[in-house]
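**Q** Provide a 3D model corresponding to the input given below.
(one chain, ligands or ions: 1)
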Amino acid sequence: MSKKKFYITTPIYYPSDKLHIGHAYCTTVADALARYKRLAGYDVFFLTGSDEHGQKIQRKAQENGVSPQEYVDKIVASFRHLWEKMSISYDDFIRTSEARHHEVVQTIFQKIYDQGDIYKASYEGWYCTPCETFWLERQLSEGNCPDCGRPVELLKEESYFFRMSKYQERLLAYIEANPDFIQPTSRRNEMINFIKGGLDDLCVSRTTFDWGIPVPFDTKHVVYVWFDALTNYITAAGYLQDRGKFARYWPADIHLVGKEIVRFHAIIWPVILMALGVELPKMVYGHGWLVMEGDKMSKSKGNVIDPLVLIDEFGADAIRYFLLREIMLGSDGNFSRAALINRINADLANDLGNLLHRTVNMVGRFSGGVVFAPEAREAVDEELVRLAQDTAAEYERAMERLEVNAAVKAVWALIGRANKYIDETGPWALAKDPAKKGRLNTVLYNLAEVLRIVAILISPFMPGTTPRILRQLGLAGDAAAVSLNDAQRWGLLPAGTKMSAPEALFPRIEEKEEAESEAQQPAAPAKPALPVLPEVSIEDFAKMDLRTARVLVAEKVEKADKLLKLTVDLGGEERTIISGISQHYAPGDLVGKDVVMIVNLKPAKIRGIESRGMVLAAVDGDKLALVTAPGMEPGSKVR
Ligand code: MSP
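**A** Sure thing, here's the model as predicted:
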């Protein structure tokens, strides 16, 4: 087997409840990366699964009057159903309640105990059941779990401890020598600081419940759920059970996890592996959260979104596209129905859908449904061909760096250019003049060829759409048969290809409620509208650091009748700002106001005073009103 391997994992999810769109986000990203690597010719092992033990699950099962196994079986079935509906192409689904996993966990627990790295002691500490995490008194936040803010329980029990402290320096040295091990860099720095703060030995067994893997030499204890859970990554790769498989796939190339569980993967997991003498994974990548209007999704807040409902309404590929396009891996991203519909209409129905529809339609009407060989290229053709080739290269570069949304964007830039190419070359006019048949053939070929390339490049993102495009182009619709190489070479579409009838890819979504509420709006009084500036991306907007600031002091600037000098509190930092609002506000009116300012604006010297930032105001002719956020803590983020 000469293919290079790629082993990628998602976290294994707790089957305490149904999964929401935030969980689906992580798995979709992992799926896109796995599919991309397959497209690039790798032998991929993509693992997901369920983390079934622990107190929380046991309690849930009790509440429902069933055994823990019965409880998780049902929920795990719903996970598998969701992944099938979302076209998740996992190669293995590991359940921690499986025998293969029990065997590995018990064997390694025994081994680490035998070598003296696990010892028995009595334990007193605070436990957060929802997070299945122990905390020391000093780590609590106002007496609650510092991760989720929920109440913790005081536990006093005899437990086994894992000698993490012994490995502290080795772990630090490893992280320092391997800059890619923890990504993105911000999370790496957090972990380095955490380790430098000192690693405590970790409590790795529990006696207060029994839904877990028994400690082999002391069966009133069960193995702590994170020790059990992390081990899934080697169980599934064949550790102790399939030597050849383990040699082939381990170490994992990427453990993709949410940012709040990086700590377990970047500290506990490597130390377990060090104790076992097993190589460490190449990378732990901590992605951001999908939030609802800025708030973390949680059942208790009632703001969770069921991905199955969305899939039924919009289709899996549209949801996948939104998640991959809208969110920069590593940052938090916002989910909203309006943004989803906007992306479907603008990017899928309009840009991609129209390019395909127009092309297939024109080939049908002007060329008998056949794509003929292209003839001499003009400058506009050269530009399109070059862009197609550059796009395939940029896409590969971005995907290799896990910049999935940049790869999606690059493909859509090509789609946009091809739509413009239709307008520039005007095939409908060429079709009227028999002398221009050669030119018409060239234009139609180039469009079909761009679509062939696009269909391949989007296959990791929208695997259901690729065969639909290929089939309309008259090509075999087998997505598994295409390769990245095919997308990087121009001209592979055979001349003489016969297209099929056009078929809409993504219907436009008409939001009834929105249309109705617009209709009910009273007509606005006519006022000349300001021209709208060129569009910026959400990433561009995010570069502006907008915060609330409380005005502490306001004073006139000498010999400048428009300027006020403000001293503001930014939540722990004071700033001086010069603002041209003196004709609208008296200094005394401003003190105590919570204004909105941009804090990362390049400082400027105004009348010899350095102004660091700018307050925002609405301006209409001579009228001016400061933008305020009454009562917000100074330094709050404005988005
Ligand atoms: N069982 C542990 C993981 C063990 S891995 C060896 C666990 N399970 S979980 O079900 O609570 O969460 C699994 C993953 O879902 C985490 O990576 C978490 O970050 C992710 N997400 C949960 N809500 C999320 C969002 N709203 N957005 C993005 N990811 C989110 O932790």
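
**Q** residues in the stretch 201-350 of the chain within reach of the ligand, list them.
**A** When proximity is defined by CB under 6 Å from any ligand atom, the stretch 201-350 of the chain lies next to the ligand at 229-230, 257-258, 260-261, 289-290, 296-297. (Each C-beta comes from the backbone N, C-alpha and C, glycine too.)

**Q** Just the buried residues of those.
**A** Listed as buried from these are 229-230, 257-258, 261, 289-290, 297; burial here means 16 or more other CB atoms under 10 Å.

**Q** that older thread, and of the residues of the stretch 201-350 of the chain next to the ligand, the nearest to the ligand?
**A** For the ligand, the closest of those turns out to be G258, at 1.6 Å, with distances computed as CB to the nearest ligand atom.

**Q** How about the contacts made by the closest one?
**A** For G258, the residues meeting the contact criterion (CB atoms under 8 Å, 6 or more residues apart in numbering) are 11, 26, 286-287, 289.

**Q** Out of the buried ones among the residues of the stretch 201-350 of the chain next to the ligand, which sit inside strands?
**A** Counting by DSSP state E, the part of those found in strands is 257-258, 290.

**Q** Sitting in helices, which of the contacts of G258 do you find?
**A** Judged by DSSP state H, the subset of the contacts of G258 located in helices is C26.

**Q** and the contacts of G258 as TSV, adding pLDDT?
**A** Output for the contacts of G258, formatted as TSV (pLDDT from 0 to 100):
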residue	pLDDT
P11	98
C26	97
G286	97
H287	97
W289	94
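
**Q** Show me where the stretch 101-250 of the chain has its helices.
**A** 168-177, 185-196, 225-230, 232-235, 243-249 (DSSP state H, counting those that start in this stretch).

**Q** Which one, of the ones you listed, ends up nearest to S537?
**A** When the helices of the stretch 101-250 of the chain are compared for distance to S537 using CB to CB, the nearest one is helix 185-196, at 20.8 Å.

**Q** Could you tell me the angle between the closest one and helix 168-177?
**A** Angular relation of helix 185-196 and helix 168-177 on a 0 to 180 degree scale: 160 degrees, by axes from the mean of the first three to the mean of the last three CA atoms, to 10 degrees.

**Q** Max pairwise distance over the contacts of G258: which two?
**A** Longest distance between any two of these is 12.9 Å, between P11 and W289; criterion CB to CB.

**Q** interface residues of the stretch 1-150 of the chain facing the ligand?
**A** Among all residues of the stretch 1-150 of the chain, those adjacent to the ligand (criterion: CB under 6 Å from any ligand atom) are 11-14, 22-23, 25-26, 51.

**Q** Out of these, flag the one nearest to I458.
**A** For those, the nearest to I458 is Y25 (18.2 Å; CB to CB).

**Q** what about that closest one, how many residues close to it?
**A** Per other CB atoms under 10 Å, the neighbour tally for Y25 reads 26.

**Q** same thing with the one 10 residues further on?
**A** Counted with other CB under 10 Å, the burial measure for R35 works out to 22 neighbours.

**Q** can you put the buried ones among the residues of the stretch 201-350 of the chain next to the ligand in CSV and add distance to C148?
**A** As requested, these are arranged in CSV below (distance: CB to CB, whole Å):
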residue, distance to C148
A229, 17
L230, 20
V257, 16
G258, 12
I261, 12
W289, 12
L290, 17
M297, 13
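
**Q** Let's see which of the residues of the stretch 1-150 of the chain next to the ligand end up in strands.
**A** 11-13.

**Q** Distance to V76 for those - can I get that in TSV?
**A** Written out in TSV, the entries for these read as follows (distance: CB to CB, whole Å):
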residue	distance to V76
P11	14
I12	10
Y13	9
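
**Q** Format those residues as a markdown table; extra columns: neighbour count.
**A** Supplementary listing: these in a markdown table, determined by neighbours: other CB atoms under 10 Å:
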| residue | neighbour count |
| --- | --- |
| P11 | 23 |
| I12 | 22 |
| Y13 | 19 |
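
**Q** Look at the closest residue to P270 other than its chain neighbours and tell me its secondary structure.
**A** If the residues on either side of it in the chain are set aside, P270 comes closest to L280, at 5.0 Å by CB to CB, 6 or more residues apart in numbering. Following DSSP: H, G, I helix; E, B strand; the rest coil, we place L280 in the coil state.

**Q** Is L280 in contact with V271, as I believe?
**A** No - using CB atoms under 8 Å, L280 is not in contact with V271; the gap is 9.7 Å.

**Q** rewinding a little: now, which of the residues of the stretch 201-350 of the chain next to the ligand sits nearest N600?
**A** Closest approach to N600 among these (CB to CB): W289, at 23.2 Å.

**Q** tell me the contacts of the closest one?
**A** 22, 258-259, 296-297, 332-333.

**Q** try it again with 7 Å
**A** 22, 258-259, 296, 332 (CB atoms under 7 Å, 6 or more residues apart in numbering).

**Q** Just send these back as CSV, with pLDDT too.
**A** Below are those laid out as CSV (pLDDT from 0 to 100):
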residue, pLDDT
G22, 94
G258, 97
K259, 96
K296, 79
D332, 93
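
**Q** JSON lines please, covering these and showing distance to R170.
**A** As requested, these are arranged in JSON lines below (distance: CB to CB, whole Å):
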{"residue": "G22", "distance to R170": "34"}
{"residue": "G258", "distance to R170": "26"}
{"residue": "K259", "distance to R170": "25"}
{"residue": "K296", "distance to R170": "34"}
{"residue": "D332", "distance to R170": "33"}
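
**Q** Pull the number of nearby residues for the residue in the stretch 451-600 of the chain positioned nearest to the ligand.
**A** With CB to the nearest ligand atom as the measure, the residue in the stretch 451-600 of the chain that lies nearest the ligand is I538; the distance is 17.0 Å. Applying the criterion other CB under 10 Å, we find 15 residues in the vicinity of I538.

**Q** mind listing what the residue nearest to it when sequence neighbours are not counted touches?
**A** Closest residue to I538 apart from its sequence neighbours, by CB to CB, 6+ apart: E326 at 7.7 Å. When the contact criterion is CB under 7 Å, 6+ apart, the partners of E326 are 333, 339, 343.

**Q** how far away is the closest residue to the ligand within the stretch 401-550 of the chain from P281?
**A** The minimum distance from the stretch 401-550 of the chain to the ligand, using CB to the nearest ligand atom, falls at V404 (14.2 Å). Using CB to CB, to the nearest Å, V404 is found at 20 Å from P281.

**Q** returning to that earlier point: quick check: of the contacts of E326, which lies closest to the ligand?
**A** Using CB to the nearest ligand atom, G333 is the member of the contacts of E326 that lies nearest the ligand, at 8.3 Å.

**Q** thinking again about what came up before, tell me the pLDDT of the residue of the stretch 401-550 of the chain closest to the ligand.
**A** Reading off the confidence values, V404 has pLDDT 97.
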